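Chemist: Here is the input, now give the coordinates:
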Amino acid sequence: MKNSVYCSVCDGCGEDGCCPATCCQQSPEGSYCATYLADLKYTYWMFKDCWKLMEKAGITETEEYKKIFEENYKLAYGE
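Modeler: Purely as a prediction, here's the structure:
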């Protein structure tokens with residue numbers, strides 16, 4: 001029987017652009033944790049840099065942006 005390419009912890013496949021890094025549990029038994037952690041770090045750094053540009057342009061003050069921010073905040077941290 002062939003070994004599965006999917007992580008036994010989070011079911012991620014480790015392919016770039018396929019399974020989201022947010023599915024990763026960062027478990028010692030995980031198959032692609034280092035790759036997903038790098039993806040999460042990259043995304044965080046991009047967010048921080050884009051946030052600075054958006055603040056300069058006044059985009060973070062719009063109602064549409066505030067709604068998106070709140071929805072994603074709730075996804076990450078709960079109500």
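
Chemist: Pass me the low-pLDDT residue ranges in this structure, would you?
Modeler: 1-2 (pLDDT under 70).

Chemist: could you measure the residue positioned nearest the centre of the chain against L40, distance?
Modeler: Ranked by distance to the mean C-alpha position of the chain (C-alpha atoms, centre = their mean), the top residue is T22 at 4.6 Å. Remark: distance between T22 and L40 (C-beta to C-beta, to the nearest Å) = 8 Å. Just so you know, the C-beta spots here come from the backbone N, C-alpha and C atoms, and that holds for glycine as well.

Chemist: if I look at those two, which residues touch both of them?
Modeler: Common neighbours of T22 and L40, counting by C-beta atoms under 8 Å, 6 or more residues apart in numbering, are absent.

Chemist: wait, what's in contact with the residue nearest to the centre of the chain?
Modeler: Counting by C-beta under 8 Å, 6+ apart, T22 touches L40.

Chemist: and it, helix, strand or coil?
Modeler: helix (DSSP: H, G, I helix; E, B strand; the rest coil).

Chemist: any idea how far it lies from Y42?
Modeler: Applying C-beta to C-beta, the value for T22 to Y42 is 13 Å.

Chemist: what do you get for W51?
Modeler: From W51 to Y42 the distance is 15 Å (C-beta to C-beta).

Chemist: which helices and strands does the longest helix seen in the chain pack with?
Modeler: Using DSSP state H, we find that the single longest helix of the chain is helix 33-57. If contacts are counted by 3 or more C-beta pairs under 8 Å, 6 or more residues apart in numbering; DSSP states H and E, helix 33-57 sits against no helix or strand.

Chemist: how far does it sit from the chain's center?
Modeler: Offset of helix 33-57 from its chain centre (C-alpha atoms, centre = their mean, to the nearest Å): 9 Å.

Chemist: Any buried residues in that helix, and which?
Modeler: Neighbour counts over helix 33-57 (16 or more other C-beta atoms under 10 Å) mark 33, 35-36, 39 as buried.

Chemist: Switch those over to CSV; also include distance to K74.
Modeler: As requested, the buried residues of helix 33-57 are exported to CSV (distance: C-beta to C-beta, whole Å):
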residue, distance to K74
C33, 25
T35, 27
Y36, 22
D39, 22
